[in-house]
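Asks: Sharing a sequence plus its predicted fold:
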Amino acid sequence: MLAADAIALMLMGLFNFGIVLPLAIGAAFLALSWRWRQVAQWRAAKPWRQWIWAAGWGAFAAWLVTVGWFFHGIRSGMEPATRRASPPAAIIVLGSGSPDCEASPTLMARLEQGMAQARRWPSAKVVVSGGLDFGGRCREADIMAETLIARGVAPDRILREGRSTSTEENLVFSQRLLGEQGVTAAPPIVVVTSDFHVWRAVRIARKAGFGEVSGVGAQTPLYLRFNAWLREYFAAISGWVLGEY
């Protein structure tokens, strides 16, 4: 099931660590079942090998517990939208992938939420943030901007940040772009991203220098949800280690 899920997503043009890791685990389980008799003989030959076997499965089980705890935290903390009392100066919509130069379902969900926020706050600038796609053919910011314009957002409201390759760069480069337009870091901003990504994105935005930050989460498609959560598990760890928030 793990391998089939990963292969199906890859055939759809999706490729990230949250997809590759389940594929690797599924392939390892398949290989283990295929060579189960030989592995059992190897374990029985030396007592220390039994210890290694038990320790390995214990570590794997402990890791699964931490993943489950993280998933529970994501599920408990997801908010469909964040209410604001004062108008934001800018709405920043973060990119999430554009295979074959088309907005992915996850990205479309973010853009739909971005359009809802743009309608709610008509005076706010709208920043679309995303660099080149995986193949290096299209700037995600251009795809996002054209989608918003086609849905009725005025072109002169949209700022295109097309250099970023990570969440940290999304927000750092967006801040610089807004500064060039006379929007300082002090006024309130809204960050639009996926529901599971709001917690980390808001903290990275604050670390990047924005003052008052609110997060709005778009729902992640069910078929991709748990792979995205797994990717976020490792992204949260790496972000903490690298001091992104």
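Replies: Right, received. Where do you want to start?
Asks: buried set for the longest helix along the chain?
Replies: The residue-count maximum for a helix in the chain (DSSP state H) belongs to helix 47-77. Residues 70-71, 74 are the ones in helix 47-77 that count as buried (16 or more other C-beta atoms under 10 Å). Yep, even glycine has a C-beta here, placed from its N, CA and C like the rest.
Asks: out of these, who's nearest residue 164?
Replies: Using C-beta to C-beta, residue 74 comes nearest to residue 164 of those, at 23.0 Å.
Asks: quick one: contacts for that closest one?
Replies: Shown in contact with residue 74 (C-beta atoms under 8 Å, 6 or more residues apart in numbering): 195-196, 199, 229, 232.
Asks: low pLDDT regions in the protein?
Replies: Applying pLDDT under 70 to the chain flags the ranges 77-85, 133-136, 185.
Asks: give the contact list for the most centrally placed residue in the chain.
Replies: By C-alpha atoms, centre = their mean, the chain has its centre lying nearest to residue 197, at 5.5 Å. Going by C-beta under 8 Å, 6+ apart, residue 197 touches 94, 167, 217, 232.
Asks: ok, the second one touching residue 199?
Replies: No. Taking C-beta atoms under 8 Å as the contact criterion, residue 167 and residue 199 are not neighbours in contact, 11.5 Å apart.
Asks: how about the strands in this structure?
Replies: Counting by DSSP state E, the chain has strands at residues 90-94, 125-129, 158-161, 189-194, 213-218.
Asks: can you redo those strands as JSON lines with mean neighbour count and distance to residue 204?
Replies: Compiled in JSON lines, these are given as follows (neighbours: other C-beta atoms under 10 Å; distance: least, C-beta to C-beta, whole Å):
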{"stretch": "strand 90-94", "mean neighbour count": "28", "distance to residue 204": "10"}
{"stretch": "strand 125-129", "mean neighbour count": "27", "distance to residue 204": "12"}
{"stretch": "strand 158-161", "mean neighbour count": "22", "distance to residue 204": "14"}
{"stretch": "strand 189-194", "mean neighbour count": "28", "distance to residue 204": "9"}
{"stretch": "strand 213-218", "mean neighbour count": "23", "distance to residue 204": "9"}
